[in-house]
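Novice: Provided below for reference: sequence and predicted model.
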Amino acid sequence: MESSLRVTLVQTHLQWHDPPANRARFEQLLTPLTGTTDLVVLPEMFTTGFTMAASEVAEPVNGPTTRWMQSMAARMQAVVTGSIVTRDGTDYFNRLLWVRPDGSYTFYDKRHLFRMAGEQEHFSVGTKPLIVELQGWRICPLICYDLRFPVWSRNRLDAARGPGALGYDVLLYVANWPQRRRHAWRSLLTARAIENLSYCLGVNRIGNDATGVAHTGDSAAIDFLGEPLAAPSEAEFVTTVALSRDALQAFRRKFPAQLDADEFDLR
């Protein structure tokens, strides 16, 4: 079992409503990483930008971007994740895909839809959290506005993993988080890491979208103490961080705050 996990954060500008152009750019950025990473994280709605034109840009289940992600994951021998606009039956979802090198995948539908942009008027709400496993690590992937709701992302005790064990080791957010609220982005990512005794990763885009909203990136990898593992940037970047299982487990043994956590039920 690997003691470290290599995670690559990919921060770039997104072409508005142009999936082929965005896939081509990400392919340029990802191809050199082959064999050097275990997990690649792309932003929210990485093929279109954060759009409410769901019926115009949505891809069907197993559509072109899903197949592209399967191809890239196989080529890189790494999991590739990010969210896209998906049509499933008669519903539209802001759907994160978790695509493995063998072509299998699972998904998470965004729970908290951004009402200030009217997202709830165009997309259906997700109802189920997702925890996935990768090389013995347990990872909880979420999407953008979910970051503001700590109950949904709370790291709870998991008796199946052993006495005092927590449900996940890494909390992950993909986003199109605007410049004007960048302080909240930075602060909440740090808070989520500290309160959940886990690593917390956030991948954001840069540049202006077609609605004039500016994004400054600030993609981050933060450890369980709230300390950054990568320097924030407003420029395009591809950076890989190594997460240490030994350090995480040692801290949880020394500081088992999860044993004093409040119990609650989600409805």
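Specialist: That came through fine.

Novice: Could you verify my assumption that residue 155 touches residue 170?
Specialist: No - Residue 155 sits out of contact with residue 170 when judged by Cβ atoms under 8 Å, with a separation of 10.1 Å. All C-beta atoms are positioned from the backbone trio N, CA, C, and that covers glycine.

Novice: more neighbours, these two?
Specialist: Neighbour count, other Cβ atoms under 10 Å: between residue 155 and residue 170, residue 170 has more, with 24 against 20.

Novice: Kindly state the beta-bridge partners for the more buried one.
Specialist: Here residue 170 sits in beta bridges with residue 139, residue 199, going by DSSP bridges.

Novice: what's the answer for residue 9, then?
Specialist: Bridge pairing for residue 9 - DSSP bridges - gives residue 41, residue 239.

Novice: Who are the contact partners of it?
Specialist: Applying Cβ atoms under 8 Å, 6 or more residues apart in numbering, we find residue 9 in contact with 41, 201, 203, 219, 220, 221, 230, 237, 238, 239, 240, 241.

Novice: what sits against the fourth one?
Specialist: It refers to residue 219. Neighbour list for residue 219: 9, 11, 202, 203, 204, 230, 232, 233, 237, 239 [criterion: Cβ under 8 Å, 6+ apart].

Novice: That one and residue 44, how far apart?
Specialist: 12 Å (Cβ to Cβ, to the nearest Å).

Novice: Next, give phi and psi for residue 236.
Specialist: Torsion angles at residue 236 (phi, psi; degrees, to the nearest 10) stand at phi -60, psi 140.

Novice: my guess is it meets residue 11, correct?
Specialist: Yes - with contact defined as Cβ under 8 Å, residue 236 and residue 11 form a contacting pair (6.3 Å).

Novice: which residues sit against stretch 149-157?
Specialist: With Cβ under 8 Å, 6+ apart, stretch 149-157 has contacts from 111-112, 129, 140, 142, 146-147, 164-168, 171, 191-192, 195-198, 258, 261, 264, 266.

Novice: need the strands for this protein, in chain order.
Specialist: Using DSSP state E, the strands of the chain run over 4-11, 39-41, 59-60, 79-88, 91-99, 105-109, 132-134, 137-143, 170-174, 199-203, 206-208, 214-216, 220-222, 237-244.

Novice: Tell me the buried residues in the first one?
Specialist: Okay, so that is strand 4-11. For strand 4-11, the neighbour count (16 or more other Cβ atoms under 10 Å) marks 5, 6, 7, 8, 9, 10, 11 as buried.

Novice: again, but for the fourth one
Specialist: Across strand 79-88, burial judged by 16+ other Cβ under 10 Å covers 79, 80, 81, 82, 83, 84, 85, 86, 87.

Novice: how about those residues in TSV, adding distance to residue 118 and pLDDT?
Specialist: Shown next, in TSV, are the buried residues of strand 79-88 (distance: Cβ to Cβ, whole Å; pLDDT from 0 to 100):
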residue	distance to residue 118	pLDDT
79	32	98
80	29	98
81	26	99
82	22	98
83	18	99
84	19	98
85	14	98
86	18	98
87	18	98
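
Novice: Now the common contact residues for residue 236 and residue 11.
Specialist: Common contacts of residue 236 and residue 11 (Cβ under 8 Å, 6+ apart): residue 206.

Novice: Next up, the contacts around residue 128.
Specialist: For residue 128, the contacting residues are 108, 109, by Cβ under 8 Å, 6+ apart.

Novice: Appreciated, that's everything.
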